[in-house]
Structure formats: structure tokens, C-alpha cells
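Colleague: how does the following fold in three dimensions:
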Amino acid sequence: MSIKTVTVIGAGTMGAGIAQVCAQSGWQTNLFDAFPEGLEKGMKTIDSFWQKGIARGKTTQQQKQDWSENITQFTDMKAAVRQADLVIEAVPEIPKLKSEIFEQLGKYTNQSCILATNTSSLSIADIATASGCPERVIGMHFFNPVPIMKLLELVRHDLCSQKTIEIAQQAGMQMNKTTILVNNIPGFATSRLGVVLGNEAIRMLADGVASAKDIDTAMVLGYKHPMGPLALTDLVGLDVRRDILRNLQKSFDDDSYAPHPLMEKLVASGRLGKKTGKGIYDWSSGEAEECQLPK
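Modeller: All right, here's what the predicted structure looks like:
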């Protein structure tokens with residue numbers, strides 16, 4: 001199946017990034033958000049990314065214009081998905097919300113449309129069941145920032161059809177992503193490894209092993225990670241990481257996955273990371289700066 005139109009559900013950080021990549025891939029891209037202010041913010045994020053590319057000489061003004069013309073904004077979900085060949089949901093990690101959306105997608109989309117969820121930890125099978133057409137549903141886990149990160153983790157469940165997997169792989173290739181295929185196990189491959197490393201780094205920070213900068217530098221220079229685990233936790237969002245850990249703790253009935261108390265304190269105080277300006281680091285200057293942590 002040739003993909004011509006893609007609808008992205010949710011214009012937050014991940015949704016905006018996914019929509020940007022889809023537009024750059026030459027697809028008609030419908031960006032849906034239930035809130036007009038959410039759409040406006042998402043479009044500003046995309047525009048800002050393109051403007052930075054122009055300033056750095058990596059993007060031309062003509063490219064930006066062409067890509068912009070590929071994106072159409074919607075606040076009506078039914079209209080947004082009606083002609084879609086692929087729908088990618090990118091709303092917050094709230095099971096009830098995702099199930100409600102997929103129940104609607106099962107009714108509003110045509111029978112050949114592939115339905116994907118960008119969840120980083122929730123059960124794909126549960127989300128697929130809500131759609132009423134589980135064979136068309138797959139996990140497509142993107143990484144932040146979507147336009148830069150090359151990996152796309154595809155997650156299959158027992159009722160996912162081979163055709164759905166192949167179309168998702170094709171879509172990933174067209175988006176210039178490298179895809180991996182994993183089974184529907186809590187945390188998949190990437191989230192499970194990533195959050196455990198991040199949680200342990202926070203434990204080390206709380207125990208006074210080293211400063212946040214030095215812990216991150218150890219992983220960047222010692223293990224060739226592109227970014228340290230603490231800076232990455234701030235980039236992803238401490239609330240997102242906390243919720244993934246809680247899900248793993250519950251799914252495996254294993255308290256070793258419990259979020260560290262420092263992570264809980266930071267989330268409770270509204271310090272969620274780069275998106276709020278402060279988390280483990282202070283990001284107000286645009287760069288990660290050491291700052292005092294709650295005791």
C-alpha cells in the first residue's frame with residue numbers, strides 16, 4: 001500500500017515532531033489536536049525547528065515552504081482521519097484516553113488504514129482491542145527529538161497482521177528511520193533499558209556519588225552515549241519516566257522498578273525537565289546547568 005496521507009493525533013512535543021517528519025517525507029499530513037491552543041503551539045514548534053535549520057544552512061526557505069504546505073490543521077478528529085492511510089496517535093500516556101481515541105479511530109477510518117500508537121510503555125494489545133480492528137494496530141515508538149533521532153521501535157502484538165507490520169516498516173523507511181521490531185512486553189526494549197539507567201543515575205545523584213554533570217559525562221565519554229542519562233531524563237520528562245517506571249513496577253510486580261524518591265519529589269514540585277525549564281538541571285539558559293535539588 002502506498003502511503004499518501006498521514007494523520008497525527010496530538011500536537012504536543014512528540015506529535016509535532018512526528019507531523020514535521022511526515023511533512024518532510026512528502027506526505028499530506030493532518031495534525032489534529034482537540035485544543036486550538038495546542039495546535040498553535042505545535043505549529044510554532046515545527047516552524048521554530050525549520051527556522052533554526054535555515055539559520056544553520058541545513059534547510060532552505062523553499063523547503064520550509066514546501067513542507068509547510070503539506071500540513072493541515074484539524075480540531076475535528078473524524079475529518080482529520082477520514083482519508084488517512086496511516087494514523088499515528090501521540091497523546092499523553094493515559095490508558096483510558098488512548099483507548100477512547102482508538103475506539104473512535106476504529107469507527108472513523110477506512111478498513112485499509114493502519115493505526116499506530118506512539119506509547120513508550122503501555123500494552124499495545126489493550127489499545128488495539130479498543131479499536132475493534134486489532135489486526136490494523138501497531139506500536140510506533142518514536143524518540144525525542146523526532147526529526148533528529150533515527151530509531152523507530154515497532155511493537156507487534158499477537159493479533160497484529162503481517163501486512164500492518166510491513167506497512168509500518170515501509171513508513172519508517174520513508175521517514176528515514178531505522179526500525180526495530182519487538183514484542184509487546186512491558187517497556188518493550190528501549191523504554192525498559194532507558195528508564196532503568198535513568199533511575200539508577202538519579203539514585204547515584206541522590207547518594208552523592210558525583211554531580212549530575214559528572215555522572216552524565218561518565219556515560220558520554222566512557223560508554224559513547226550521545227547524551228547522559230540525567231540530561232536525557234530531563235529531555236524526555238521526569239513525569240514520563242516516572243509513569244513508565246510505575247507501569248513496569250506494576251506489570252512485573254517488581255519494586256526494583258519503583259521510581260526513586262528524588263524523581264517523585266521533582267515531579268511533585270513541577271520540575272519536569274526541559275519542558276518546564278527546570279528538572280534535574282536548570283534549562284532556563286537553553287543549556288543544562290547544575291542547580292540545587294530538593295532534599
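Colleague: which residues sit against the strand or helix carrying residue 140?
Modeller: Assigned by DSSP states H and E, residue 140 belongs to strand 137-141. Strand 137-141 has contacts (C-beta atoms under 8 Å, 6 or more residues apart in numbering) with 88, 102, 114-120, 124, 127-128, 131, 152-157, 160, 164-165, 168, 171-172, 184, 188, 190-191. Glycine gets a C-beta too; all of them are placed from N, C-alpha and C.
Colleague: if you set the cut-off to 7 Å instead, what comes out?
Modeller: With contact meaning C-beta atoms under 7 Å, 6 or more residues apart in numbering, strand 137-141 is reached by 88, 114-120, 124, 127-128, 131, 152-156, 160, 164-165, 168, 188, 190.
Colleague: helices of the stretch 151-295 of the chain, start to end?
Modeller: For the stretch 151-295 of the chain, the helices defined by DSSP state H, counting those that start in this stretch cover 162-174, 190-206, 212-222, 229-236, 238-252, 261-268.
Colleague: any idea which of those is most buried?
Modeller: Compared across the helices of the stretch 151-295 of the chain, helix 229-236 shows the largest average neighbour count, a mean of 25 (mean count of other C-beta atoms under 10 Å).
Colleague: CA atoms of that helix as PDB?
Modeller: Below are the C-alpha coordinates for helix 229-236, written out as PDB (Å, rounded to 0.1, in the frame of the first residue of the first chain):
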ATOM      1  CA  PRO A 229      21.100   9.600  31.400                       C
ATOM      2  CA  LEU A 230      20.200  12.600  33.600                       C
ATOM      3  CA  ALA A 231      20.100  15.100  30.800                       C
ATOM      4  CA  LEU A 232      18.100  12.600  28.700                       C
ATOM      5  CA  THR A 233      15.600  12.100  31.600                       C
ATOM      6  CA  ASP A 234      15.100  15.900  31.600                       C
ATOM      7  CA  LEU A 235      14.600  15.900  27.900                       C
ATOM      8  CA  VAL A 236      12.100  13.100  27.900                       C
END
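Colleague: could you check the angle that helix makes with helix 238-252?
Modeller: If you take axes from the mean of the first three to the mean of the last three C-alpha atoms, to 10 degrees, helix 229-236 sits at 100 degrees to helix 238-252.
Colleague: which other helices and strands does helix 229-236 contact?
Modeller: For helix 229-236, the packing partners by 3 or more C-beta pairs under 7 Å, 6 or more residues apart in numbering; DSSP states H and E come out as helix 190-206, helix 212-222.
Colleague: and residue 117, what pLDDT?
Modeller: Reported pLDDT at residue 117 in the predicted model: 98.
Colleague: so what's it up against?
Modeller: So residue 117 contacts 89, 98, 124, 127, 139 (C-beta under 7 Å, 6+ apart).
Colleague: ramachandran angles for the first one?
Modeller: Yep, that's residue 89 we're talking about. phi -90, psi 130 (degrees, to the nearest 10).
Colleague: burial of it, as a residue count?
Modeller: 24 (other C-beta atoms under 10 Å).
Colleague: quick one: buried residues of the strand holding residue 140?
Modeller: Neighbour counts over strand 137-141 (16 or more other C-beta atoms under 10 Å) mark 137-141 as buried.
Colleague: okay, domains of this structure per the record?
Modeller: What automatic domain parsing lists as the domains of the chain is 5-183, 192-282.
Colleague: just how off-centre is the longest one within its chain?
Modeller: It refers to domain 5-183. Between the centre of domain 5-183 and the centre of its host chain there is 10 Å, according to C-alpha atoms, centre = their mean, to the nearest Å.
Colleague: endpoint to endpoint, it covers what distance?
Modeller: 27 Å (C-alpha to C-alpha, to the nearest Å).
Colleague: likewise stretch 283-295?
Modeller: End-to-end for stretch 283-295, by C-alpha to C-alpha: 20 Å.
Colleague: that stretch: which residues count as buried?
Modeller: Judged by neighbour count using 16+ other C-beta under 10 Å, the buried positions of stretch 283-295 are 283, 288, 293.
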